[in-house]
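Participant: Please find the sequence and the predicted model below.
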Amino acid sequence: MFLTVFFNGTMSSVTASESAATPATIPKSDHVPTVVNSDELNCPPKFNKAEAFAPFNVQGYTVTPLPANHKLDEQAFIYILEKEGRCLLYGNDTSNLPEPTIAFIEKSKNKFTTVSLDSTYGFSDYPTSHMGFAQIGRVRQWLLDIGCADKNTAFIAVHFSHNGMLKDGQPYMHEDIEKILAPMGFVVAFDGLEVEI
């Protein structure tokens, strides 16, 4: 089991084994709530703080936290998840990628099979917290240019809100966003979307 917990702009991972005798490992930031219902995990939880650039293993996945540009007074992360030759860049809750993250990705030479990018601000570029359409387009092109993505990489736009997405005073709907992002090479996420990575 691999669950994600979102709290104050950070993602924490929760793992649990099949055996109630084996504690769950929960990498966390300083902002993860301290109360976890261990009955739901079927085992006692164990908390471990995630550190930037320090990979950890969860149920056979290698997870590498990378600094995000979300809330400047907190350490937020985006993640690289790898397993059996498949590689996901999970880039939610970030604006423009911080230089250390850019350098790490360039040096790693990961070949991403899937890239998920935050698109909260729609038509606006925003310096912190979230990205807009132009920003995710630039990230996509950069990943292609440095060889970390190719024509087979699935790029998914996620994390929408009505911030920056109004048309004649009305919010853009899913089909409106698809008309904008599909030509840019993005699948537009929706509630219930499942993607095989």
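Facilitator: That came in fine, so what should we check first?
Participant: Show me the protein divided up by domain.
Facilitator: Per the record's domain assignment (automatic domain parsing), the chain is made up of the domains 1-50, 51-188.
Participant: Give the rounded mean pLDDT of the shortest one.
Facilitator: Computed over domain 1-50, the mean pLDDT rounds to 49.
Participant: Helices along this protein, start to end?
Facilitator: Remark: helices assigned in the chain by DSSP state H are 38-41, 99-108, 133-145, 174-181.
Participant: Of those helices, flag the one that's most buried.
Facilitator: helix 133-145 (a mean of 18; mean count of other CB atoms under 10 Å). In this view, the C-beta of every residue, glycine as well, is placed from N, C-alpha and C.
Participant: list the helices and strands that helix packs on?
Facilitator: Using 3 or more CB pairs under 8 Å, 6 or more residues apart in numbering; DSSP states H and E as the contact test, the elements touching helix 133-145 are strand 114-118, strand 154-158, helix 174-181.
Participant: Nearest to Cys148, out of those?
Facilitator: Nearest to Cys148 among those is strand 114-118; the distance by CB to CB comes to 8.7 Å.
Participant: My understanding was that Val139 contacts Gly91; is that so?
Facilitator: Yes. With contact defined as CB atoms under 8 Å, Val139 and Gly91 form a contacting pair (7.1 Å).
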